[in-house]
Structures are given as C-alpha cells and as structure tokens.
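[1] no sequence for this one, just the structure:
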Ligand SMILES: [Zn+2]
C-alpha cells in the first residue's frame, strides 16, 4: 500500500526545509514550500499568522473523522557555526545521516507527513489536516496555542492528532509519546535581617530557614504517578543570597525550582503543599509561581492502535508508550477532545551541534505515516 511514497521526495523536501534558516519565529519560507506541495495534492490552504509567527492550516476531504498532523517549522539557534562539522543550514549527507539544524526536530517529520499526505490521495472517508507553526521552540504563545480553537472550529472537531515530534530513542518507532508532564516553576523569597556573623543574635539568617525547606522539597515524594506517567519530580535550579562577604549574614535569600508533574497531582495542589512547607520553615516566605504547561494524557484509541500496528508490522517490535520529554504542542490539542499521539524520528541529537537524522528513517517515516492514514481511513479488523 505504500508503493507511491517516494523516499527521494521525502529526503529532498527535508533538505529544502533545512536549507531555510527558520530560527524561531522566522519561518524563512518553510511553510510556503509545504503549502505548495499540499495545494498540489488537493489541500485547501489557510494562513493564520500571529504577529511575527507563521501558522498554516491545510485541509483535504469533506467527510469522515479528522486526522490532524501537527508540526513546527522553526528550529532552535545553531550556536557557533564553527562548532558544526558542516554548516548548520546546509543539509549535508554523511555516513547514511542527514545533518543540519532541524533535521530531527522536526523537519524530517514535516517532510514525511507531507509526503505521506501526497501519496494518500486514495484515502477516503477521512479528512486530513496539517497544522504548522513557526513558534514551538520559542515562547509558544502565538503558534498552536493561539490557533488551536480556530483549527477545531474550521475542522468541526478533531478526532486524532499525530504530532511528529522526535519521540524515538534508539530506533525509529521504538517509542511513542501518549502524553506529557506538566511544568510548574516557583521562586521562593525569604527575608531576614542582615548582620555581622559574630553577632547572630542581632541578625536573622534567612538561609538557615531556606536550606531546611530546600532539603524537604528535595526529598518529598509528591505522588506515585499514574500508569503512564512517572511520579512528579522537583528539581532545585538555583539558590541566591545577597552577600559576597564571608562575615555578613544576608538579609534576603531566594531559591528557584521546577516541577515536572504527572496528572496524579494538580498545579494548585502542589502550590498549596509547597506554600504550607514554606510557611512551616519560614513564616512570611513568598513564592512567585509560573505555570507553563498543563499535563495531558490521551486515552488509547484508534490512532494509537493504528500507530502501534504499523510499527509492529514494519519493525517487528511494538513501540513503548511513554510520557517523557519536555512539553509539546500536543498539550494545546488534547483539551479539544482529540486523541493525541507523538511519533517521530530518533531524538538523540536534537538541539545539539551536528543534529542529524538517519536518511533511511525519512523514507521509513513517510511510509509509516502513509500506512497510518490508510488504516484510519479504512477502519475494521485487520490481519497483521
Ligand atoms: Zn520539536
């Protein structure tokens, strides 16, 4: 069923995207190129820009459930170009790999699902949509987050959402993501009274209250996780006290921390528990909170079954489903009621110097996506 997926076409499109230096939020023409491909394959193109951010929604088909591919065309900055073995925005084939910034995160996936959409013209009874943004690696405010309600409205709901983020660890398809943890950061500030270390009775050392509090935060077990989420974890990321002198008790102390939390806890609950601990150690302590991502988890449905069946058939091993990694744009689609699964190439080199993707994986991924489309378009029992 995948005879019409062209490996060379998928690789050529990946290279053309890498050659466009699309550091967030500059799309550098990536989405125009994708739109040309999709328009030629019968997709209607909607441009949904927000300020400097480019957003594209392409749709094809009138009837049936909706499969939405989500991706981003922006990349993180390459850092010093001379640290790279070949220029970061010059796609370079070397040792069966394709090198370039964004190759794995996630221009290969974008090229693969565009190629799959071009090949799957015969998929009937299914509406296929592609949503791209140039604001995933940056603030992620004007991208999928901003246009998600509009996408849902234009499509009349979203049944399945396949995010092409690089989910695989060692081999293409060894891992898929079925949710992501939430992210909650806090900065605790404690005020004491500055003084001479030799006269502690006339001072009040805030570090002596901050440190026991930090110690408690570091060892607290927040929850047990869920079936698919590891337990919530807290990392202390910085401690400051405003003096450099060895004989001065500081007047202020502060500390920063971040929680990656499972759906077994809520952000509100974690905030209350930590504020209570802070009150116990240091009455009057204030905490500045930043809640940057809700966790999301999708109940296993037809999309996950299709992805697992395709990977198992083509690789001989079923993928592991996990919820690791940072946040992703899937968190903005899941609340709309869609089943969200992330499946993309190996993530070992993402955001690094000499980012690369296996050349072979690009064609494989395009075939995987095409077969997933076919399976969702023709539901029913299948013999694997
Ligand atoms: Zn990414």
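    Noted; the coordinates are in hand. As the structure is a prediction and not an experimental result, all values here were calculated from the model.
[2] Buried residues, the one helix or strand residue 376 maps to. List them.
    Using DSSP states H and E, the element containing residue 376 is helix 359-377. Across helix 359-377, burial judged by 16 or more other Cβ atoms under 10 Å covers 359, 361-377. (C-beta placed from N, C-alpha, C; glycine too.)
[3] what does stretch 245-253 rub up against?
    189-198, 200, 203-207, 209-210, 239-243 (Cβ atoms under 8 Å, 6 or more residues apart in numbering).
[4] Next, count neighbours for the nearest residue to residue 278 once chain neighbours are set aside.
    Excluding the flanking residues, the one nearest residue 278 by Cβ to Cβ, 6 or more residues apart in numbering is residue 285, at 4.1 Å. By other Cβ atoms under 10 Å, the residues close to residue 285 number 23.
[5] May I have the residues that are in contact with the residue of the stretch 151-300 of the chain found nearest the ion?
    Closest residue of the stretch 151-300 of the chain to the ion, Cβ to the ion: residue 165 (4.9 Å). Going by Cβ under 8 Å, 6+ apart, residue 165 touches 105-106, 109, 177, 325, 328, 330, 342, 344, 347.
[6] Going by neighbour count, which of the contacts of stretch 245-253 are buried?
    Judged by 16+ other Cβ under 10 Å, buried ones among the contacts of stretch 245-253: 189-190, 192, 194-195, 203-207, 209-210, 241.
[7] coming back round to it: is the residue of the stretch 151-300 of the chain closest to the ion located within a strand, as I assumed?
    No - the assignment for residue 165, made by DSSP: H, G, I helix; E, B strand; the rest coil, is coil rather than a strand.
[8] circling back to that earlier point, which members of the buried ones among the contacts of stretch 245-253 are the farthest-apart pair?
    Farthest pair in the buried ones among the contacts of stretch 245-253 (Cβ to Cβ) is 189 and 195. Separation: 18.7 Å.
[9] For the helix or strand bottoming out on mean pLDDT in the chain, which strands pair with it and how are they oriented?
    Between all helices and strands in the chain, the lowest mean by mean pLDDT, DSSP states H and E belongs to strand 296-297, at a mean of 87. Using DSSP bridges, strand 296-297 pairs in its sheet with strand 179-180 (antiparallel).
[10] how about the helices in the stretch 1-150 of the chain?
    Under the criterion DSSP state H, counting those that start in this stretch, helices of the stretch 1-150 of the chain are mapped to 7-18, 30-40, 108-119, 144-155.
[11] Tell me the residue of this protein that sits nearest the ion?
    Proximity of the chain to the ion (Cβ to the ion) peaks at residue 105, 4.1 Å away.
[12] My guess is that residue contacts residue 355. True?
    Yes - between residue 105 and residue 355 there is a contact under Cβ atoms under 8 Å: 7.1 Å.
[13] who touches stretch 212-232?
    178-179, 181, 188, 233-234, 236, 239, 255, 257, 259-265, 270, 273-274, 277-278, 281-282, 285, 295, 297, 321-324.
[14] Give me the subset of the residues you listed that lies in strands.
    Judged by DSSP state E, strands contain the following of the contacts of stretch 212-232: 179, 188, 233-234, 236, 239, 255, 257, 259-261, 297, 321-322.
[15] So, low pLDDT: which residues of this protein?
    For the chain, the stretches flagged by pLDDT under 70 are 1-3, 123, 379-384.
[16] what does it put close to the ion?
    Residues of the chain lying close to the ion (Cβ under 5 Å from the ion) are 105-106, 165.
[17] The residue nearest to residue 173 when sequence neighbours are not counted: what's it in contact with?
    Residue nearest to residue 173 in three dimensions, not counting chain neighbours: residue 311, with 4.1 Å by Cβ to Cβ, 6+ apart. By Cβ under 8 Å, 6+ apart, the contact list for residue 311 reads 173, 176, 317-319, 343, 368.
[18] follow-up on the earlier one: tally up the residues packed near the residue of the chain closest to the ion, please.
    Per other Cβ under 10 Å, the neighbour tally for residue 105 reads 26.
[19] how close does residue 355 get to residue 328?
    18 Å (Cβ to Cβ, to the nearest Å).
[20] any idea how far the residue nearest in space to the middle of the chain lies from residue 181?
    Nearest residue to the geometric centre of the chain (Cα atoms, centre = their mean): residue 328, 2.4 Å. Counting by Cβ to Cβ, the gap from residue 328 to residue 181 is 11 Å.
[21] Next: residue 26.
    Residue 26 is 29 Å from residue 181, by Cβ to Cβ.
[22] which one of those two has more residues nearby?
    For residue 26 and residue 181, the more surrounded residue by other Cβ under 10 Å is residue 181, and the numbers stand at 26 against 17.
[23] Where do the strands of the stretch 1-150 of the chain begin and end?
    Assigned by DSSP state E, counting those that start in this stretch, the stretch 1-150 of the chain shows strands spanning 44-47, 55-60, 66-72, 92-94, 97-99, 127-133.
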